[in-house]
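A.B. asks: build the 3D model from these lines:
(chains A and B)
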There are 2 protein chains.
Amino acid sequence: MGENLALDPSRYFIVVPDQFGNGLSSSPSNSPPPQDRMRFPLVHPYDNVRAQHRLVTERYGIDRVKLVVGFSMSGQQAFHWGALYPDMVERIAPICGSARTAVHNFVFLEGIKAALTADCAWAGGEYTSPPVAGLRAFSRVYAGWYTSQSFFREGLHDTGGGVEGFLAGAERSFGRFDANDLLAMLATWQAADIAAHPRFAGDLAAALGAIRARATVMPSRTDLYFPPEDNEIEVAQMPNAELRVIPSIRGHLAGGGGNPEDRRWVSDQLEELLAQ
Amino acid sequence: MGENLALDPSRYFIVVPDQFGNGLSSSPSNSPPPQDRMRFPLVHPYDNVRAQHRLVTERYGIDRVKLVVGFSMSGQQAFHWGALYPDMVERIAPICGSARTAVHNFVFLEGIKAALTADCAWAGGEYTSPPVAGLRAFSRVYAGWYTSQSFFREGLHDTGGGVEGFLAGAERSFGRFDANDLLAMLATWQAADIAAHPRFAGDLAAALGAIRARATVMPSRTDLYFPPEDNEIEVAQMPNAELRVIPSIRGHLAGGGGNPEDRRWVSDQLEELLAQ
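C.D. replies: Numbering: from 1, shown residues only, chains lettered A, B, ... in the order given. Now for the predicted structure:
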């Protein structure tokens, strides 16, 4: 998003909502009892999407959306938007996200959950100061997942501080989160499934088939938890979708916009999608 | 190994040594002070190989080895055997192992280490009863790594107990280990590097070039921490080596012999190697 990119604010009205659980929107860390900490309810991606729908229709009076685009969990939301509001959404572009969280992805998330909560200081979510060792473990486990084997083989992790510098970066990224907020977001991620809605009653093919929006689905070639194969299977069941694999060794991070080359590539696909 | 397999004990004299740190050989859990617990010294794969060399030469009087074969960390040892004793080793067959632990692999190991030691009950290795939450976290993180995305996509994880059953299996596998023993073995794994020997002084190309044994190197196509690419690069620097990729979706486990199909495939390659 930005000048000279497909999502140019001077050309489009762009709404960027936060998701529940991230510490800004309603979250375990900022909700009063009885919905504070681990008592915060499970939020499904559809809950985020419904709240966003109210935002754009009731707050802004919008009844057509030119494009829903998102990365990672927001990429998952893009699928959910397409399935739930097919008359409203013209295009979707899920980046490094899937319509349903794959079992392997679910297991990866079980791992980082277990790492975080192994710290006795977590105390079932009733900590009085942050569970530092748990957040550190969470970060260090995550650090093995969000890029790729090739990323490290090519030395892209080393920006001067070697492996420890890279791991310290992960600790900075995740260490600023509240532990219960992280767990709430992981629960949303694990629950992601566009078929998990009364309209589809668990029928994934029906839910994917309901996405009439023109879709450009962009996994990263080297993503370890949203691998291209999962999107390939989903795209085959969507009436108006195309798979375009980001040719990157940056793994999941390829879709995050942090790298100029990958960002340009994604922007070019979005440009093309918006022109259709 | 077994009847009707390449490593048939009725045809060959087969020696299967344990490695240091595994709880049977000298380990943190069974060493007296001052080498007990986290005071156990770092063991390099070369230390294991040197001890094994003494075993076969001094105990059995053997001066030629027809084949050194190993899986995972033992696959790493096979490379080290080849580099250190080129006049003694006729063939090596590293399965799902590498001559040097790749940076990505190192980072994966940092993750499981952090997960295990996040448990305050670990107490810097001075626990009086097992750090249960840490061992559980270790197991659940590991469970995302040792198979593959496709393994789960095809439902091979589900032998009746679903995802939780699969995770419980991982907890049983690793939960029986002593925590300090696990950490000692991870340290050996992280240190694996055939160039880390005075003879090679850090020169990996020289160390790989020193392996004159005929080598069949067998990564699994879907191994997440010993990916085929790392072996491909190594094989290109070995004078007498061939890469044969196990065509399996079982990830790292493909090389462990637990699955009949993969076991047969590996056995066939070994049969061919032994006939040369």
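
A.B. asks: for the stretch 1-150 of chain A, which residues are neighbours of chain B?
C.D. replies: Contact residues, the stretch 1-150 of chain A versus chain B (CB under 8 Å from any CB of the partner chain): A:102-104, A:106-108, A:110-121, A:133-134, A:136-137, A:139-145, A:147-150. From N, CA and C alone the C-beta is placed, and that goes for glycine too.

A.B. asks: just the helices in the stretch 51-200 of chain A please.
C.D. replies: For the stretch 51-200 of chain A, the helices defined by DSSP state H, counting those that start in this stretch occupy A:73-84, A:103-117, A:132-143, A:149-153, A:162-175, A:179-191.

A.B. asks: which one, of those helices, ends up nearest to residue B:17?
C.D. replies: Nearest to residue B:17 among these is helix A:149-153 (29.9 Å), distances taken as CB to CB.

A.B. asks: just checking, what packs against the closest one?
C.D. replies: helix B:103-117, helix B:228-235 (3 or more CB pairs under 8 Å, 6 or more residues apart in numbering or on different chains; DSSP states H and E).

A.B. asks: one more pass at 6 Å, please.
C.D. replies: Where contact means 3 or more CB pairs under 6 Å, 6 or more residues apart in numbering or on different chains; DSSP states H and E, helix A:149-153 is packed against helix B:103-117.

A.B. asks: and residue A:194, how many neighbours does it have?
C.D. replies: Using other CB atoms under 10 Å in any protein chain shown as the criterion, residue A:194 is surrounded by 28 other residues.

A.B. asks: for the stretch 151-276 of chain A, which residues are neighbours of chain B?
C.D. replies: A:152, A:227 (CB under 6 Å from any CB of the partner chain).

A.B. asks: got the contact list for residue A:186?
C.D. replies: Under the criterion of CB atoms under 6 Å, 6 or more residues apart in numbering or on different chains, the neighbours of residue A:186 are A:109, A:113.

A.B. asks: next one, pLDDT for it please.
C.D. replies: In the prediction, the pLDDT value recorded for residue A:186 is 98.

A.B. asks: show me the contacts for the residue nearest the centre of chain A.
C.D. replies: Here the mean C-alpha position of chain A is nearest to the C-alpha of residue A:73 (CA atoms, centre = their mean), at a distance of 1.7 Å. Residue A:73 makes contact with residue A:189 under the criterion CB under 6 Å, 6+ apart.

A.B. asks: look up how far chain B lies from it.
C.D. replies: In this structure, residue A:73 and chain B are separated by 18 Å, where distance is defined by CB to the nearest CB, to the nearest Å.

A.B. asks: that older thread, in CSV: the helices of the stretch 51-200 of chain A, plus distance to residue B:165.
C.D. replies: Below are the helices of the stretch 51-200 of chain A laid out as CSV (distance: least, CB to CB, whole Å):
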stretch, distance to residue B:165
helix A:73-84, 26
helix A:103-117, 12
helix A:132-143, 22
helix A:149-153, 29
helix A:162-175, 29
helix A:179-191, 17
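
A.B. asks: now for these, which one comes closest to residue B:90?
C.D. replies: In this view, the helices of the stretch 51-200 of chain A are compared for proximity to residue B:90 by CB to CB, and helix A:149-153 is the closest at 30.9 Å.

A.B. asks: thinking again about what came up before, against residue A:48, how distant is the residue nearest to the centre of chain A?
C.D. replies: When distance is defined by CB to CB, to the nearest Å, residue A:73 is 9 Å away from residue A:48.

A.B. asks: please look at residue A:207 and residue A:201 and confirm they touch.
C.D. replies: No. Applying CB atoms under 6 Å, one finds residue A:207 not in contact with residue A:201, separated by 9.3 Å.

A.B. asks: does residue A:139 touch residue A:172 like I think?
C.D. replies: No. Taking CB under 6 Å as the contact criterion, residue A:139 and residue A:172 are not neighbours in contact, 8.2 Å apart.

A.B. asks: the more surrounded of the two?
C.D. replies: For the pair residue A:139 and residue A:172, the greater number of neighbours falls to residue A:139 (24 against 10), based on other CB under 10 Å.

A.B. asks: ok, now which ones touch that one?
C.D. replies: By CB under 6 Å, 6+ apart, the contact set of residue A:139 is A:170-171, A:174.

A.B. asks: how is residue A:266 assigned, secondary-structure-wise?
C.D. replies: The assignment at residue A:266 comes out as helix when based on DSSP: H, G, I helix; E, B strand; the rest coil.

A.B. asks: mean confidence score for stretch A:138-156?
C.D. replies: Rounded mean pLDDT across stretch A:138-156 is 98.

A.B. asks: please save the CA atoms from that stretch in PDB.
C.D. replies: As requested, C-alpha coordinates have been extracted for stretch A:138-156 and formatted as PDB (Å, rounded to 0.1, in the frame of the first residue of the first chain):
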ATOM      1  CA  PHE A 138       7.100 -18.600  21.500                       C
ATOM      2  CA  SER A 139       9.300 -16.300  19.500                       C
ATOM      3  CA  ARG A 140      12.200 -18.700  19.100                       C
ATOM      4  CA  VAL A 141       9.900 -21.500  17.900                       C
ATOM      5  CA  TYR A 142       8.100 -19.100  15.600                       C
ATOM      6  CA  ALA A 143      11.400 -17.900  14.100                       C
ATOM      7  CA  GLY A 144      12.000 -21.400  12.600                       C
ATOM      8  CA  TRP A 145       8.600 -21.200  10.800                       C
ATOM      9  CA  TYR A 146       8.000 -17.800   9.200                       C
ATOM     10  CA  THR A 147      10.800 -17.800   6.600                       C
ATOM     11  CA  SER A 148      12.200 -20.900   4.900                       C
ATOM     12  CA  GLN A 149      15.100 -23.200   4.700                       C
ATOM     13  CA  SER A 150      16.400 -21.400   1.600                       C
ATOM     14  CA  PHE A 151      16.100 -18.000   3.400                       C
ATOM     15  CA  PHE A 152      18.700 -19.200   5.900                       C
ATOM     16  CA  ARG A 153      20.800 -21.100   3.300                       C
ATOM     17  CA  GLU A 154      21.100 -17.800   1.300                       C
ATOM     18  CA  GLY A 155      22.100 -16.000   4.500                       C
ATOM     19  CA  LEU A 156      19.100 -13.600   4.500                       C
END
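
A.B. asks: what residues sit buried inside that stretch?
C.D. replies: Taking 16 or more other CB atoms under 10 Å in any protein chain shown as the neighbour-count basis, stretch A:138-156 is seen to contain the buried residues A:138-153, A:156.

A.B. asks: before we move on, the earlier item: looking at the contacts of residue A:139, spot the one nearest residue A:37.
C.D. replies: Out of the contacts of residue A:139, the member with the shortest distance to residue A:37 (by CB to CB) is residue A:174, at 18.2 Å.

A.B. asks: chain neighbours aside, what residue packs nearest to the closest one?
C.D. replies: residue A:139 (4.4 Å; CB to CB, 6 or more residues apart in numbering or on different chains).
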